[in-house]
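> turn this into a model:
(one chain, ligands or ions: 1)
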Amino acid sequence: MASSQDPFQNSQDQSSQDQSFKAQIADQIAGDRRDHQDRIIVPLDAPTLEEAIALVDQISAVRFWKVGLELFVSTGATILAELKARQKRIFLDLKFHDIPNTMAGACRAAGRYGVDLLTVHATAGKEALVAANAAAQDGAAAAGSPPPRVIAVTVLTSISPRTLAFELKVPLELPDFALQMALLAQDSGLSGVVCSPQEAAHLRQVCGDRFLLVCPGVRPTWASANDQRRVMTPAEALRAGASYLVIGRPITAAPNPAEAFARICEEAAA
Ligand SMILES: O=c1ccn([C@@H]2O[C@H](COP(=O)(O)O)[C@@H](O)[C@H]2O)c(=O)[nH]1
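Residues are numbered from 1 along each chain as shown. Here you go, the predicted structure:
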């Protein structure tokens, strides 16, 4: 009978321990990759329903899609039904910005669609944000849909500190203004904000772990920044505390979008 003194048994034990350790690490890496895959939201910035659906079916690994102004204005709610039929999560990014009554009406209607995330602009002010959030929840409840998480845009990621100061004449430094907008959103009862990953670490520290930080302006080193002005890489953005990354053109405009998405998931998990 083999005992623990048996060197052969020991080496067998060692080898099976090594195997199981390697299997655990491999499982963890696969789990991390799946986790990162779920934290990347891809914008469906396409002009037609057909092109949007083709993209969704081409990158089947993407589980969370963003429908923005271009596609929603072009297709209406049809695209939302198509995504749901494919069991995808939906970020409806219509960035409402209006007086409280109009924001509430739009959010009530959007809440009926059963989307996961919905955007408004923080600069609409507290009364509008509170009304928008309440109406989105009412709309969802009335339709029997799951409640959307309403999040507010702090400062668009295409705005540079220079533009904020000299065109928009905002007298605060950009990170301070973004922080004020995030605090306004939090104080208004919203679930989180859209911010640049460059502000994520500070907002995470001030607003806490449960506040959603959804970050566009994310670019792998091999991709162009396009019109984004405050960018970070996927791994940097996650390290800074982003809850979700919104990454569009580096994936959707790549020669092989599925391959670009897989590469970004790998890099984010690294
Ligand atoms: O501050 C913001 C708010 C929203 N967006 C939206 O995110 C995507 C980014 O697309 P890329 O191709 O990765 O630049 C796009 O749909 C924007 O409308 C943002 O970029 N910045």
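> what ranges do the helices span in the stretch 1-150 of the chain?
7-38, 49-58, 69-75, 78-85, 100-111, 126-143 (DSSP state H, counting those that start in this stretch).
> pLDDT weak spots in the stretch 151-270 of the chain?
Low-confidence segments of the stretch 151-270 of the chain (pLDDT under 70): none present.
> the longest strand in the protein is where?
Identified as the longest strand of the chain according to DSSP state E is strand 89-96.
> what mean pLDDT would you report for that strand?
Predicted confidence along strand 89-96 averages 98 (mean pLDDT).
> any idea how far that strand is from the chain center?
Relative to the chain's own centre, strand 89-96 is displaced by 10 Å; criterion: CA atoms, centre = their mean, to the nearest Å.
> next, work out how far apart the single nearest residue of the stretch 1-150 of the chain relative to the ligand and residue 185 are.
In the stretch 1-150 of the chain, the residue that lies nearest the ligand is residue 43 (3.6 Å; CB to the nearest ligand atom). Backbone N, C-alpha and C define where each C-beta goes, glycine included. According to CB to CB, to the nearest Å, residue 43 stands 21 Å off from residue 185.
> one more: residue 38?
Where residue 185 is concerned, residue 38 sits at a distance of 23 Å (CB to CB).
> how about the residues of the stretch 51-200 of the chain that lie near the ligand?
Contact residues (CB under 6 Å from any ligand atom) of the stretch 51-200 of the chain with the ligand: 68, 153, 156-157, 194.
> 5 Å instead, please
Proximity of the stretch 51-200 of the chain to the ligand, by CB under 5 Å from any ligand atom, involves residues 68, 156-157, 194.
> quick revisit: and residue 43 and residue 185? Which one has more around it.
Higher neighbour count among residue 43 and residue 185: residue 185, with 29 against 20, using other CB atoms under 10 Å.
> give me the neighbour count for residue 256.
12.
> and for residue 249?
17.
> skipping adjacent residues, who's closest to it in space?
Of all residues not flanking residue 249 in the chain, residue 226 sits nearest, at 5.7 Å (CB to CB, 6 or more residues apart in numbering).
> assign a three-state SS to that neighbour, would you?
Per DSSP: H, G, I helix; E, B strand; the rest coil, the local secondary structure of residue 226 is coil.
> dihedrals phi and psi, residue 237?
Per-residue torsions, residue 237: phi -60, psi -40 (degrees, to the nearest 10).
> for the nearest residue to it once chain neighbours are set aside, give its distance to the ligand.
Excluding the flanking residues, the one nearest residue 237 by CB to CB, 6+ apart is residue 197, at 3.5 Å. Separation of residue 197 from the ligand (CB to the nearest ligand atom, to the nearest Å) stands at 11 Å.
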